[in-house]
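[1] generate a structure from the sequence data that follows.
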Amino acid sequence: MLLRIRSRDGLERLKVDDPQATVAQLRALIQSQLQIPLHSQTLSTNKNLLLAKTQDDLAQFTDMATPNAPLSSLGVGHGSIIFVHYEGERNVSRPAAFCPAGSFGRKMTMDDLIAKQMRVARQETPHCEIVSFDRDGANAFQHYVNETLAFAVKRGGFMYGTVSEEGKVEVDFIYEPPQQGTEENLLFLRDPDEERLVEAIAVGLGMRRVGFIFTQTVSQDKKDYTLSNREVLQAVEYHAESGLKEWVTAVVKLEVNEDGGADVHFEAFQMSDMCIRLWKEGWFVTEISEDADPKLSKMKKDVMVGVKDTGEVDNDFFLVVVKISDHQGPLSSTFPIENRNVPVTTRALKNHLDRTKSLPFVKRISDFHLLLLLARFLDISADVPALAECVSKQETVPDGYKLLIESVASSS
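    Have a look, this model is predicted:
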């Protein structure tokens, strides 16, 4: 049988003559045919193996750790993909190049020379040291996509917060623009006027846009990729647009737990520097056909991956894993969120203020989604940043703003 072996060098094929071969025999074949030493091999049927960066990460992949286990018992058969992580370097065999007759051989064109310079390799170190999510904000997002949308269609948003000098990103609220989501696609119907209000609020809060967050649907969980080619294109577009080297892309999805149930899982990445460069210089094919392999991003010209010229790049080469933590930020997330199934009206403001009467007024309005509703009734250049700054510093809200807010609420 033929197995497909995927490593950091790309996809290679391995012939296994014995249908009853064990893991140990497979490892020996990988050493003899692919020149990957036994002692440096870690094997798994889980694609996330290729994202492992430390020995602790590698130790989590144990599905192929038993040497005498028959491959058939692990569900491995003809055409299966085995993921291999290894340390060190090796020479990857490739077919002999064809050179036309002539004393000087084939001439190199300018495109050939550029492709040689465009070498796509894994970027091991992110510019973002760690990303921390405000618990309430992250929970409000995942609760909606889990309980209301049931992960049946995609949903996304822009993350706002702060970036420290050390490269730590803190996400304190998520703005969800107008959008349309299907099982495979997410389209933001961006509203420039609304985004100007969001930016004015962020300035007053001492925050900025720091990332893009989106969900993968339950149907995508059956696919053999970390991010699809469409997701890579959308993520790199927003990353490049931001101009922020610490920009984070976060993915929210369902994963099966040990008990057979499903848990909501957050993952965070940065798009690699090379990915950003390729996007800015127009190398990506942005029109994706229905029969395209979602694991691969197509290039307009060949690039170098390992020692191979190729017009298709495994999406994982563009992803740099970012560590995740959480924190309790300065804002609440109890106010209804914009651009969802139910429109947010001034009636929601009145209900919210009635429900929070026991709190100081500044606490009652310390919610980004509430501030976004109020911003529609305020001067964007003066009032919106000023009110947001009161929230940021937890200062007493001037009486004039109190009267205006209460007037808006009573107009419902």
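[2] tell me where the stretch 51-200 of the chain has strands.
    All strands of the stretch 51-200 of the chain, identified by DSSP state E, counting those that start in this stretch, fall at 81-85, 119-120, 130-134, 156-163, 168-175, 179-181, 186-188.
[3] and the angle for the fourth one with strand 130-134?
    In this structure, strand 156-163 runs at an angle of 110 degrees to strand 130-134, with axes from the mean of the first three to the mean of the last three C-alpha atoms, to 10 degrees as the basis.
[4] who touches strand 156-163?
    134, 141, 169-177, 179, 181, 186, 188, 198, 202, 205-215, 238, 244, 246, 248, 250, 329, 368 (C-beta atoms under 8 Å, 6 or more residues apart in numbering). All C-beta atoms are positioned from the backbone trio N, CA, C, and that covers glycine.
[5] burial measure for Pro178, as a count.
    Residues within reach of Pro178, counting by other C-beta atoms under 10 Å, total 12.
[6] just confirm it contacts Asp191, I think it does.
    Yes: with contact defined as C-beta atoms under 8 Å, Pro178 reaches Asp191; the gap is 5.7 Å.
[7] export the strands of the stretch 51-200 of the chain to a markdown table and tack on mean neighbour count and mean pLDDT?
    Output for the strands of the stretch 51-200 of the chain, formatted as a markdown table (neighbours: other C-beta atoms under 10 Å; pLDDT from 0 to 100):
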| stretch | mean neighbour count | mean pLDDT |
| --- | --- | --- |
| strand 81-85 | 20 | 92 |
| strand 119-120 | 16 | 92 |
| strand 130-134 | 23 | 97 |
| strand 156-163 | 23 | 98 |
| strand 168-175 | 24 | 98 |
| strand 179-181 | 16 | 97 |
| strand 186-188 | 17 | 97 |
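[8] of these, give the one that comes closest to Asp63.
    strand 81-85 (10.3 Å; C-beta to C-beta).
[9] mind exporting the closest one as CSV, just the C-alpha atoms?
    Provided in CSV are the C-alpha atoms of strand 81-85 (Å, rounded to 0.1, in the frame of the first residue of the first chain):
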residue,chain,number,x,y,z
ILE,A,81,-1.8,10.5,5.7
ILE,A,82,0.8,10.1,8.4
PHE,A,83,2.2,13.3,10.0
VAL,A,84,5.8,13.3,10.9
HIS,A,85,7.7,15.7,13.1
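[10] give me the sheet partners of it and which way each runs.
    Strand 81-85 pairs in its sheet with strand 2-7 (parallel), strand 42-44 (antiparallel), by DSSP bridges.
[11] weakest of those strands in terms of mean pLDDT?
    Of all the strands paired with strand 81-85, the minimum mean pLDDT falls on strand 2-7 (a mean of 88).
[12] so how far is the helix or strand that it is followed by off the chain centroid?
    Once strand 2-7 ends, the next helix or strand along the chain (criterion: DSSP states H and E) is strand 10-15. Relative to its parent chain, strand 10-15 has a centroid offset of 28 Å by C-alpha atoms, centre = their mean, to the nearest Å.
[13] looking at this protein, which helix or strand is least sure?
    helix 110-117 (a mean of 61; mean pLDDT, DSSP states H and E).
[14] for the protein, which segments count as helices?
    Counting by DSSP state H, the chain has helices at residues 23-34, 55-58, 110-117, 135-143, 192-205, 229-242, 273-280, 346-355, 361-364, 368-375, 383-393, 399-410.
[15] specify the angle between the last one and helix 383-393 in degrees.
    Put plainly, it is helix 399-410. 100 degrees.
[16] before we move on, what about the first one?
    In this structure, helix 23-34 runs at an angle of 130 degrees to helix 383-393, with the same axes, to 10 degrees as the basis.
[17] quick one: contacts of helix 23-34?
    Residues outside helix 23-34 that contact it (C-beta under 8 Å, 6+ apart): 3, 5, 12, 14-16, 18, 21, 36-38, 41, 43, 64-69, 71, 74, 82, 84, 90.
[18] in ChimeraX, how would I select just the buried ones from those residues?
    In ChimeraX, this line selects whichever of the contacts of helix 23-34 come out buried by 16 or more other C-beta atoms under 10 Å:
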select :3,5,12,14,16,21,36,41,43,64,69,71,74,82,84
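[19] how about the strands of the stretch 51-200 of the chain in JSON lines, adding distance to Glu281?
    As requested, these are exported to JSON lines (distance: least, C-beta to C-beta, whole Å):
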{"stretch": "strand 81-85", "distance to Glu281": "30"}
{"stretch": "strand 119-120", "distance to Glu281": "13"}
{"stretch": "strand 130-134", "distance to Glu281": "27"}
{"stretch": "strand 156-163", "distance to Glu281": "25"}
{"stretch": "strand 168-175", "distance to Glu281": "26"}
{"stretch": "strand 179-181", "distance to Glu281": "28"}
{"stretch": "strand 186-188", "distance to Glu281": "24"}
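[20] of the ones you listed, give the one that comes closest to Leu373.
    For the strands of the stretch 51-200 of the chain, distance to Leu373 was read as C-beta to C-beta. The smallest value, 12.6 Å, belongs to strand 168-175.
[21] please name every helix or strand in contact with that closest one.
    The contact analysis (3 or more C-beta pairs under 8 Å, 6 or more residues apart in numbering; DSSP states H and E) places strand 168-175 against strand 130-134, helix 135-143, strand 156-163, strand 208-215, strand 248-256, helix 368-375.
[22] would TSV of the ones you listed with distance to Thr286 be doable?
    Formatted as TSV, these follow (distance: least, C-beta to C-beta, whole Å):
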stretch	distance to Thr286
strand 130-134	27
helix 135-143	27
strand 156-163	18
strand 208-215	17
strand 248-256	18
helix 368-375	31
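[23] which one of the ones you listed has the poorest average confidence?
    strand 248-256 (a mean of 92).
[24] now that one, how far from the chain's geometric center?
    7 Å.
[25] how about stretch 153-166?
    Distance of stretch 153-166 from its chain centroid, counting by C-alpha atoms, centre = their mean, is 11 Å.
[26] same thing with stretch 48-66?
    Distance, centroid of stretch 48-66 to centroid of chain: 21 Å (C-alpha atoms, centre = their mean).
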